[in-house]
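**Student:** Could you look at this predicted model? Sequence included:
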Amino acid sequence: QVQLVDAGGGLVQAGGSLRLTCVVSGRAVSGSAVGWFRQAPGKERAFVAGISYISMTLYADSVKGRFTISRDNTKNTVYLQLNNLKPEDTAVYYCAVRSGVIYYNDTLWEHWGQGTQVTVSS
């Protein structure tokens with residue numbers, strides 16, 4: 001059974017940083033694509049960043065240069081470093097895993113974490 005536990009959210013002032021973690025069990029992150037999505041109130045869930053099994057990374061334009069996704073295969077964990085946070089980054093952040101390549105479409109991901117809230121104050 002594949003399980004994802006995402007954590008690390010919190011309340012931070014604009015310009016601050018957070019690091020989100022996604023601990024995966026039941027599936028090796030080294031052989032999977034792992035992505036981060038976010039959903040703000042009243043909006044659809046949107047792609048934020050992804051890392052493929054060959055360590056290729058993709059980012060949404062809105063977070064390029066501020067967010068960094070990385071992976072620790074020994075801990076079967078994926079991280080999302082959030083720097084220079086803005087109020088518009090406020091959302092629930094979810095990690096997800098799938099076989100194959102990274103997709104922006106959230107319906108194509110197979111397993112999801114429960115979400116972690118990130119709130120950025122101005």
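**Tutor:** The structure has been received and is ready for your questions.
**Student:** For the rest of this, base every contact and every neighbour count on C-alpha atoms.
**Tutor:** Will do.
**Student:** Quote the end-to-end distance of stretch 17-32.
**Tutor:** 27 Å (CA to CA, to the nearest Å).
**Student:** ok now that stretch, how far from the chain's centre?
**Tutor:** Computed by CA atoms, centre = their mean, to the nearest Å, the chain-centroid distance of stretch 17-32 equals 9 Å.
**Student:** buried residues in that stretch?
**Tutor:** Under the neighbour-count criterion of 16 or more other CA atoms under 10 Å, stretch 17-32 has 17, 18, 19, 20, 21, 22, 23, 24, 28, 29, 30, 32 buried.
**Student:** and the third one, backbone torsions?
**Tutor:** Looking back up the chat, that one is residue 19. Phi and psi for residue 19, reported as degrees, to the nearest 10, are phi -120, psi 120.
**Student:** Show the model's pLDDT score for the residue lying closest to it once chain neighbours are set aside.
**Tutor:** Leaving out its chain neighbours, the residue that sits closest to residue 19 by CA to CA, 6 or more residues apart in numbering is residue 81, at 4.4 Å. At residue 81, the model reports a pLDDT of 98.
**Student:** swap in the one 3 residues further on?
**Tutor:** Residue-level confidence at residue 84 comes out at 98, pLDDT.
**Student:** Kindly indicate whether the closest residue in space to it that isn't next to it in sequence is helix, strand or coil.
**Tutor:** Excluding its sequence neighbours, the residue lying closest to residue 84 (CA to CA, 6+ apart) is residue 15, at 4.1 Å. Three-state assignment for residue 15 (DSSP: H, G, I helix; E, B strand; the rest coil): coil.
**Student:** what about residue 15, how many neighbours?
**Tutor:** A count of nearby residues for residue 15, using other CA atoms under 10 Å, gives 14.
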